[in-house]
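**Student:** Build me a model from this:
(one chain, ligands or ions: 1)
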Amino acid sequence: MESICPIDSLCANEISALLTPPSPLQVQEYYDKLLSARKCSSVIVKQDGKFGKGVYAAMDFKEGEFILKDQMLVGAQHSSNKIDCFVCSSCFRFIGTVELQIGRKLYLQELGASRSHGCDIGDLSNTSEYCHEIDSSDGEDSFMEREENTGECASGSSEAKVRLPEGVVESLMNGHMMLPYSKEFSLPSVVPCPGGCGEAYYCSTSCAEVDWNSSHSLLCTGEKSDTACREALLKFVKHANETNDIFLLAAKAISFTIVRYHNLKASHLVEQGKYDTSCVSNHCDLSVLLEAWRPISMGHKRRWWDCIALPVDINSSDESAFRMQIRDLAFESLQLLKRAIFDKECEPCILPDAKLVIYAFIDLVVASPVEDYFLYIDDLTYPEKEEADKITKPILDALGEDYSICCQGTAFFPLQSCMNHSCCPNAKAFKREEDRDGQATIIALRSICKGEEITISYVDEDLPFEERQASLADYGFRCRCPKCVEEEP
Ligand SMILES: C[S@@+](CC[C@H](N)C(=O)[O-])C[C@H]1O[C@@H](n2cnc3c(N)ncnc32)[C@H](O)[C@@H]1O
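**Tutor:** Prediction:
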């Protein structure tokens, strides 16, 4: 099948350099530096040759003890989840107030129900650009929609919900209505994107700054951005939302690399005493590009279209056609992105071969304060509960069963993605009461001795042997942990 976006032969060497896995020495240096920069002395990353790299305890841990927090490198909330949860675009903490979370969701729910196009949510937060359109214009689902589309906006489901009296939703959203005991659940104030896009919001100016400097400066569609770029970006986002929102995360990874490249190049020039950058060549400096790409390359596996699990509704005899189709889809997405953020020096990392590797992406989850709020109300005793219920019960009925949806997305966690799987793991990713953002927290499931490998389970380890292996096939490997070796028939 002809590629929509053939690889530019001029960049072939650079692309091949970007796709070459880092050497064991580079991997070791990278993780030693990362752990030291994070002042994390509880673990080390090393490569023992059995399953590649792994994470090892640098001290003893007791059962239930905190091992580490892993800050994501890039992450994105699922498009469909943006309707249910209003979170910081950088750390994924819930923002605003419990009332705003509820009012906004109800508003969008109503809008979804009143429009045959599901979740086109209009101007409220401009998130319509991020939303899957359920009724695509040609009426056909793509493979990717069938495979990945969690899809329907949860809030826009056809389930009949009880409507609130007119004006209540608006009062919740604009802060005129306070719910009983909501002060117990205070959230950070909403900080809009400094570029004025109305799509990204933050929990603090520092989060806004981190996101801007990491990738959003290239992906912002605000008024300050160039009109042509803005239109190209909007087309790219629309395509991603209609096909697969993983492209939005890939765009963040590419933008992260481009921004890093220019920062690294500038600091190298300063080190060399060349303060006047106007006369510096704008040719790609491959060694700098490789350095900029390094953090992403640590999660590099195979190309996305080669390793994505075959959807259940695709016959295995159609597998190659399926892979060609998603590869072409990826090329299409990339062409759109290239128009929006084209950068001559970083061209090799915007080409499809370099972009569409899979980065050991892991689910990102943050619990909803709305759930905590209603649980709190439920736990009140008479007469406080009766009083509170008069106000909260109609709201809960209007929200329906999905009142407690958590923030969901996908992210690349550099340390968690080094943790090997075991069907008898000694640790797990676990959100404690205080873990209110998108960082991953790892907790010991039993006592762990210094030097022992820290393992987590990628699947339900209580399943029978064959079912565990079948689930792990989706991750592209056959488990050889001690439990599986023992149970192997
Ligand atoms: C998320 S990565 C873990 C880090 C990985 N070892 C590395 O070098 O990047 C998962 C990969 O590690 C290997 N792996 C992890 N646990 C394994 C196990 N129990 N049995 C066999 N291979 C395993 C597989 O190749 C799997 O695709």
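**Student:** How about stretch 398-407, which residues are buried there?
**Tutor:** Buried residues in stretch 398-407, counted by 16 or more other C-beta atoms under 10 Å: Ala398, Leu399, Gly400, Tyr403, Ser404, Ile405, Cys406, Cys407. Yep, even glycine has a C-beta here, placed from its N, CA and C like the rest.
**Student:** Is the second one in contact with Leu106, as I believe?
**Tutor:** It refers to Leu399. Yes. Contact status for Leu399 versus Leu106: in contact at 6.7 Å, counting by C-beta atoms under 8 Å.
**Student:** by contact count, what packs against the one helix or strand Val259 maps to?
**Tutor:** For Val259, the host element (DSSP states H and E) is helix 246-271. Applying 3 or more C-beta pairs under 8 Å, 6 or more residues apart in numbering; DSSP states H and E, we find helix 246-271 packed against strand 74-77, helix 217-219, helix 227-242, helix 286-297, helix 319-341, helix 347-350, helix 352-355, strand 407-412.
**Student:** got CSV for the buried residues of stretch 398-407, with secondary structure and distance to the ligand too?
**Tutor:** CSV is the format used below for the buried residues of stretch 398-407 (DSSP: H, G, I helix; E, B strand; the rest coil; distance: C-beta to the nearest ligand atom, whole Å):
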residue, secondary structure, distance to the ligand
Ala398, helix, 41
Leu399, helix, 36
Gly400, coil, 36
Tyr403, helix, 33
Ser404, helix, 29
Ile405, coil, 27
Cys406, coil, 23
Cys407, strand, 22
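**Student:** Turn those residues into JSON lines, columns for distance to Ser457 and pLDDT.
**Tutor:** What follows is the buried residues of stretch 398-407, written out as JSON lines (distance: C-beta to C-beta, whole Å; pLDDT from 0 to 100):
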{"residue": "Ala398", "distance to Ser457": "38", "pLDDT": "92"}
{"residue": "Leu399", "distance to Ser457": "33", "pLDDT": "92"}
{"residue": "Gly400", "distance to Ser457": "32", "pLDDT": "88"}
{"residue": "Tyr403", "distance to Ser457": "29", "pLDDT": "87"}
{"residue": "Ser404", "distance to Ser457": "25", "pLDDT": "87"}
{"residue": "Ile405", "distance to Ser457": "24", "pLDDT": "93"}
{"residue": "Cys406", "distance to Ser457": "20", "pLDDT": "95"}
{"residue": "Cys407", "distance to Ser457": "23", "pLDDT": "96"}
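**Student:** Identify the residue spatially nearest to Leu106, adjacent ones excluded.
**Tutor:** Spatial nearest neighbour of Leu106, excluding adjacent residues (C-beta to C-beta, 6 or more residues apart in numbering): Val169 at 4.7 Å.
**Student:** Confirm for me that that neighbour is in contact with Leu111.
**Tutor:** No. If you go by C-beta under 8 Å, Val169 and Leu111 don't touch, sitting 10.3 Å apart.
**Student:** I'd like the distance from stretch 328-346 to the chain centre, please.
**Tutor:** 20 Å (C-alpha atoms, centre = their mean, to the nearest Å).
**Student:** how about it as CSV, C-alpha atoms only?
**Tutor:** Output of stretch 328-346 as CSV, limited to C-alpha atoms (Å, rounded to 0.1, in the frame of the first residue of the first chain):
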residue,chain,number,x,y,z
ASP,A,328,-1.8,5.4,7.2
LEU,A,329,-4.0,7.0,9.8
ALA,A,330,-0.9,7.9,11.7
PHE,A,331,0.8,9.3,8.6
GLU,A,332,-2.3,11.4,8.0
SER,A,333,-2.3,12.7,11.6
LEU,A,334,1.4,13.5,11.3
GLN,A,335,1.0,15.5,8.1
LEU,A,336,-1.6,17.6,9.9
LEU,A,337,0.7,18.1,12.8
LYS,A,338,3.7,18.9,10.6
ARG,A,339,1.8,21.7,9.0
ALA,A,340,1.1,23.2,12.5
ILE,A,341,4.4,22.9,14.2
PHE,A,342,6.9,22.5,11.4
ASP,A,343,10.5,23.1,12.5
LYS,A,344,13.2,22.6,9.9
GLU,A,345,15.9,21.7,12.4
CYS,A,346,13.8,19.1,14.1
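**Student:** For that stretch, what does the pLDDT average out to?
**Tutor:** Stretch 328-346 shows a mean pLDDT of 86.
**Student:** Buried residues, it. List them.
**Tutor:** 328-338, 340-341, 343, 345-346.
**Student:** can you check stretch 19-39 too?
**Tutor:** Neighbour-count burial for stretch 19-39 [16+ other C-beta under 10 Å]: Pro22, Val27, Gln28, Tyr30, Tyr31, Leu34, Leu35.
**Student:** Give me the contact status of it with the ligand.
**Tutor:** No. Stretch 19-39 stays clear of the ligand (C-beta under 6 Å from any ligand atom), getting no nearer than 8.1 Å.
**Student:** and that stretch, how far from the chain's centre?
**Tutor:** 22 Å.
**Student:** In contact with Met72, which residues?
**Tutor:** Leu364, Ala411, Phe412, Phe413, Gly438, Gln439, Ala440 (C-beta atoms under 8 Å, 6 or more residues apart in numbering).
**Student:** Check Ser41 too.
**Tutor:** Contacts of Ser41 by C-beta under 8 Å, 6+ apart are Leu35, Ala58, Met59.
**Student:** got it, and Ile442?
**Tutor:** 66-70, 415-416, 419, 427-430, 454, 456.
**Student:** out of those residues, who's nearest the ligand?
**Tutor:** Met419 (6.1 Å; C-beta to the nearest ligand atom).
**Student:** separation between the residue nearest to Leu106 and the ligand?
**Tutor:** 43 Å (C-beta to the nearest ligand atom, to the nearest Å).
**Student:** Quick one: neighbours of Thr227, just the number.
**Tutor:** As a burial measure, Thr227 scores 8 neighbours (other C-beta atoms under 10 Å).
**Student:** re the thing from before, farthest pair in the contacts of Met72?
**Tutor:** Phe412 and Gln439 (12.5 Å; C-beta to C-beta).
**Student:** what about these two, which has more around it?
**Tutor:** Phe412 (24 against 21).
**Student:** can you list the domains in this protein?
**Tutor:** Following automatic domain parsing, one finds the domains of the chain at 75-216+367-411, 419-487.
**Student:** what's the span of the first one, first residue to last?
**Tutor:** To tie it back to what came earlier, the one meant is domain 75-216+367-411. Start to finish, the residues bounding domain 75-216+367-411 are 4 Å apart (C-alpha to C-alpha, to the nearest Å).
**Student:** can you check the last one too?
**Tutor:** Domain 419-487 has an end-to-end distance of 22 Å (criterion: C-alpha to C-alpha).
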